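Visitor: build the 3D model from these lines:
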Amino acid sequence: MAKKAKATKPATKTPEAKPEAPRGAKTAAIKQALKANPKKTAREIAELVKEQGFETSANYVATIKTKMKGKKKAKAAPAPTPEAAAPALPKDAISLAWLEKAKALAKQLGGVKEAKQAIDALAHLMD
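Guide: The predicted model follows:
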């Protein structure tokens, strides 16, 4: 028995075929329609987009609408607290605020040498 030859599709498109829109064009059209008509339902937006030449469903429009709302909520998330965002410091590290207080103390006592003497005296009292 002889084998049948496989039918192959022509490599070129027929002239009747519509040119394909670039990737993401339908989604962009839906987003634009949603921004222009925020009060319309998903079904009404789908009809508007179909008039522009894109085949779509109300479910797909609702999905895009939900994703757009989710991005807004993600942007509104509170910023991390400075304590959480700050890198871990060694236990013996001195903050800028403490250094400013030490500077003020040294100025009150007449200089760094006098401030050191006062701190040493305090250390003896605390022992």
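Visitor: mind giving me the domain split of the protein?
Guide: Listed by automatic domain parsing, the domain ranges of the chain are 25-75, 93-126.
Visitor: tell me which of those domains sits most buried.
Guide: Among these, domain 25-75 has the highest mean neighbour count (mean count of other C-beta atoms under 10 Å), at a mean of 14. For every residue, glycine as well, the C-beta is placed using N, CA and C.
Visitor: quick one: average pLDDT of that domain?
Guide: Here domain 25-75 scores 87 as its mean pLDDT.
Visitor: and the host helix or strand of residue 35, what does it pack onto?
Guide: In the assignment (DSSP states H and E), residue 35 maps to helix 25-36. Counting contacts by 3 or more C-beta pairs under 8 Å, 6 or more residues apart in numbering; DSSP states H and E, helix 25-36 packs against helix 42-51, helix 58-75.
Visitor: with distance to residue 122 as extra columns, can I get those helices in a markdown table?
Guide: Listed next are the helices and strands packed on helix 25-36 as a markdown table, based on distance: least, C-beta to C-beta, whole Å:
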| stretch | distance to residue 122 |
| --- | --- |
| helix 42-51 | 72 |
| helix 58-75 | 51 |
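Visitor: coming back round to it: pull the CA atoms of the helix holding residue 35 into PDB?
Guide: What follows is helix 25-36, C-alpha atoms only, in PDB (Å, rounded to 0.1, in the frame of the first residue of the first chain):
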ATOM      1  CA  ALA A  25      -2.400  45.900  21.800                       C
ATOM      2  CA  LYS A  26      -5.700  44.400  23.000                       C
ATOM      3  CA  THR A  27      -4.700  44.900  26.700                       C
ATOM      4  CA  ALA A  28      -3.700  48.400  26.000                       C
ATOM      5  CA  ALA A  29      -7.000  49.100  24.200                       C
ATOM      6  CA  ILE A  30      -8.900  47.700  27.200                       C
ATOM      7  CA  LYS A  31      -6.900  49.800  29.700                       C
ATOM      8  CA  GLN A  32      -7.400  52.900  27.700                       C
ATOM      9  CA  ALA A  33     -11.200  52.200  27.500                       C
ATOM     10  CA  LEU A  34     -11.300  51.600  31.300                       C
ATOM     11  CA  LYS A  35      -9.500  54.800  32.000                       C
ATOM     12  CA  ALA A  36     -11.800  56.800  29.700                       C
END
